[in-house]
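Asks: Turn this into a model:
(2 chains)
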2 protein chains.
Amino acid sequence: MKFEVTVLGSSSATPVFNRNPSAQVLNCNEKIYLIDCGEGTQQQLIRFNIKSARIDYVFITHLHGDHYFGLIGLLSSMHLNGRIKPLDIFGPAALQEILELQFRHSETVIRYELNFHVVDPDRPGTVFENSDLVVSSFPLNHRIPCTGYRFSQKKRQRKLIKEKVADVPVVYFSALKKGQDVTLPDGRVLPASDYTTAAEEPRSYAYCSDTLCDGTYLEAIRGSNTIYHEATFLHEMLDRANETHHSTALQAAEAALEAGAEKLIIGHYSSRYKTLEALLDEARAVFPQTQLALEGRTYTL
Amino acid sequence: MKFEVTVLGSSSATPVFNRNPSAQVLNCNEKIYLIDCGEGTQQQLIRFNIKSARIDYVFITHLHGDHYFGLIGLLSSMHLNGRIKPLDIFGPAALQEILELQFRHSETVIRYELNFHVVDPDRPGTVFENSDLVVSSFPLNHRIPCTGYRFSQKKRQRKLIKEKVADVPVVYFSALKKGQDVTLPDGRVLPASDYTTAAEEPRSYAYCSDTLCDGTYLEAIRGSNTIYHEATFLHEMLDRANETHHSTALQAAEAALEAGAEKLIIGHYSSRYKTLEALLDEARAVFPQTQLALEGRTYTL
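Replies: Coordinates of the predicted model:
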């Protein structure tokens, strides 16, 4: 099952050096989930040839503009481009008010169903679930209420071994896929382990947009295979990171290590860093499996 | 005196084919005026190496998103980049409410003075004036209230001819520059026409963002040296233009001709036109001095 994320924006605060504000698209089993939506996200989608019509779910972490100023434009364009299928948005309560005010003054009546789901920034919880995955939110510690999101694939059923089940009546397939041994009417026993192979282990991706690296959200991201963690500053800027409720590359690496992740993606770079090697080096010294969030690049999760 | 406009966005409704929503920067005597501010305007400013810190005045025509969704991001970035000098915004009343709501929820207290000037969309009037120019607004006929803006240079004083005035007491310079002949205490008369040269004729630029081409605004733009007029459609789409309160390239050309303009810039192209030659050809057949609004290109006015 495809489980990958494409980075659309990697900049903190303001666009700079061709870096754009935060946005990522998660592709899980060919369904597209947009995570944050800074200004210019729709332009980035065009640039990287990702059809915005494919986005069915949007998750916004908080109301700093570099994480959501592109949403109203994206929603408007979806409307103008004739979208009719529903769109689900998850985010802070006030986001709905902001969107509605702008639609009202442009006299836009969105033709598609816009389902708004308020995410509680103060407590963790499941915010969405379908056949492929469960999305949970968890509080981050930023200057304004801010939530991280964790996208966890569901455990999938075992896969039938085609040649082996050729003579097995279809009625038993469901039990076998669930890993249950089957007893046929003639008394023959079919062990699930002989007739099926194990499904891939479910994987998960945790997205920590803007946060003081204080460990409060470690339990929520523990065991994620891949963690995206903001790394706005080098550790030499720790005071500034603390003051602005952001993290350093070193801290992001320590969080990934502590949470038992396999891979770490860092991003949300301060405009003071024209090049990013120093941030990557700092993180890799603690957590070697670190990668830089680079716009247009797709990361297998 | 420099009087030129740089196009940042040329697309109608949605970004497409590397075309961005409406925005232009007018440079009059090295002061920068931003006209409309679609999503991604700050990215376009970076791309074309125009410092947003130089913008002191912003004019928004109406509240369709392709004309203002980039403003909140630009204002936020100015704040984050340490701006302290005031900024003046001219536009619809509700724009202020939209900006304030977003600042409130991001807990942003803008450090610079943001002076908001409500422009009446129903009647023409002067909205701004400084030593270089006068800006007037005039009603356009769009689906929601919409105003055009005309930027008119002020008549400048005559220029002293250095060699001629070498022996003239400075006290008489002011009168000469105003074109008044001067009589010296000894009875000698200095004709202003001998001691000064005429200043350049003041020029003006009219910006017609989104409008049904119904002639109602012709008086307001008459005599403008250069007119920017939207040309969303080819004339074969006249019904669609009427229905959506937009103009065709042919109509834009007719408006420029009727208004006595020297030059016409057309823009706000529908996404149905991947290439723009047909729009240009259609306009030039009526008004040969037509140019396409192309992003990054600067037009002497």
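Asks: State the three-state secondary structure for the residue in the stretch 201-301 of chain A positioned nearest to chain B.
Replies: Closest contact between the stretch 201-301 of chain A and chain B, by CB to the nearest CB, is at residue A:271 (8.5 Å). Heads up, the C-betas are built off the backbone N, CA and C, glycines and all. Assigned with DSSP: H, G, I helix; E, B strand; the rest coil, residue A:271 falls in the coil class.
Asks: what's the answer for residue A:239, then?
Replies: Secondary structure state of residue A:239, per three-state DSSP, is helix.
Asks: which residues in the stretch 151-300 of chain A form strands?
Replies: Along the stretch 151-300 of chain A, counting by DSSP state E, counting those that start in this stretch, strands occupy A:159-160, A:182-183, A:189-190, A:196-197, A:204-208, A:226-230, A:263-267, A:290-292, A:298-300.
Asks: Can you check which helix is longest in chain A?
Replies: helix A:93-105 (DSSP state H).
Asks: List the buried residues of the following helix or strand past that one.
Replies: Next helix or strand after helix A:93-105 toward the C-terminus (DSSP states H and E): strand A:114-118. For strand A:114-118, burial by neighbour count (16 or more other CB atoms under 10 Å in any protein chain shown) applies to A:114, A:116.
Asks: what do you get for stretch A:42-61?
Replies: Applying 16+ other CB under 10 Å to stretch A:42-61 flags A:42-46, A:50, A:52, A:55, A:57-61 as buried.
Asks: filter the residues you listed by proximity to chain B?
Replies: Counting by CB under 8 Å from any CB of the partner chain, A:42, A:43, A:46 from the buried residues of stretch A:42-61 sit close to chain B.
Asks: Tell me, how many residues neighbour whichever residue of the stretch 101-250 of chain A sits closest to chain B?
Replies: Minimum separation of the stretch 101-250 of chain A from chain B (CB to the nearest CB) falls at residue A:105, amounting to 4.5 Å. Residues lying near residue A:105 (other CB atoms under 10 Å in any protein chain shown) number 21.
Asks: How about the contacts made by it?
Replies: Residues near residue A:105 by CB atoms under 8 Å, 6 or more residues apart in numbering or on different chains: B:63, B:92, B:94, B:95, B:98, B:144.
Asks: For the stretch 101-250 of chain A, give me the ranges with low pLDDT.
Replies: Counting by pLDDT under 70, the stretch 101-250 of chain A shows no low-confidence range.
Asks: Point out the residues in it that sit beside chain B.
Replies: Checking the stretch 101-250 of chain A against chain B by CB under 8 Å from any CB, the hits are A:101, A:102, A:105, A:106, A:107, A:108, A:143, A:144.
Asks: May I have the beta-bridge partners of the nearest residue to residue A:261 once chain neighbours are set aside?
Replies: Among residues not flanking residue A:261 along the chain, residue A:227 sits closest, at 4.6 Å (CB to CB, 6 or more residues apart in numbering or on different chains). As for beta bridges, residue A:227 partners with residue A:206, residue A:264 under DSSP bridges.
Asks: hang on, residue A:227 packs against residue A:266?
Replies: No - contact between residue A:227 and residue A:266 fails when scored by CB atoms under 8 Å: they sit 9.4 Å apart.
Asks: coming back round to it: state the pair within the buried residues of stretch A:42-61 that is farthest apart.
Replies: The largest separation in the buried residues of stretch A:42-61, counting by CB to CB, is between A:46 and A:61 at 23.3 Å.
Asks: and which of the buried residues of stretch A:42-61 is nearest to chain B?
Replies: Checking the buried residues of stretch A:42-61 against chain B by CB to the nearest CB gives residue A:43 as the nearest, at 5.0 Å.
Asks: May I have the helix or strand containing the closest one exported as PDB, CA atoms only?
Replies: Per DSSP H and E, residue A:43 falls inside helix A:41-47. The C-alpha trace of helix A:41-47 is given here as PDB (Å, rounded to 0.1, in the frame of the first residue of the first chain):
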ATOM      1  CA  THR A  41       0.200  25.800  -1.800                       C
ATOM      2  CA  GLN A  42      -2.100  25.700  -4.800                       C
ATOM      3  CA  GLN A  43       0.800  27.000  -6.900                       C
ATOM      4  CA  GLN A  44       3.100  24.300  -5.500                       C
ATOM      5  CA  LEU A  45       0.500  21.600  -6.300                       C
ATOM      6  CA  ILE A  46       0.500  22.800  -9.900                       C
ATOM      7  CA  ARG A  47       4.300  23.000  -9.900                       C
END
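Asks: which residues touch that helix?
Replies: Counting by CB under 8 Å, 6+ apart, A:8-9, A:20, A:23, A:25, A:34, A:51-52, A:70-71, A:73-74, A:77, A:295-296, B:14-16, B:20, B:39-40, B:43 sit against helix A:41-47.
Asks: thought residue A:29 was touching residue A:1?
Replies: Yes - counting by CB under 8 Å, residue A:1 is a contact partner of residue A:29 at 4.8 Å.
Asks: anything in contact with each of the two?
Replies: residue A:132.
Asks: so who does residue A:286 touch?
Replies: Contact partners of residue A:286, counting by CB under 8 Å, 6+ apart, are A:250, A:253, A:254, A:257.
Asks: show me what contacts residue A:37?
Replies: A:23, A:58, A:60, A:67, A:68, A:69, A:70, A:71, A:74.
Asks: Kindly report the same for residue A:245.
Replies: By CB under 8 Å, 6+ apart, the contact set of residue A:245 is A:141, A:142, A:143, A:210, A:211, A:212.
Asks: Separate out the buried members of the residues you listed.
Replies: Applying 16+ other CB under 10 Å to these flags A:141, A:142, A:210, A:211, A:212 as buried.
Asks: Quick check: the fourth one vs residue B:260, distance?
Replies: Looking back up the chat, that one is residue A:211. 60 Å (CB to CB, to the nearest Å).
Asks: How about residue A:42?
Replies: Taken as CB to CB, the span from residue A:42 to residue B:260 is 39 Å.
Asks: thought residue A:279 was touching residue A:231?
Replies: Yes - if you go by CB under 8 Å, residue A:279 and residue A:231 touch, sitting 5.7 Å apart.
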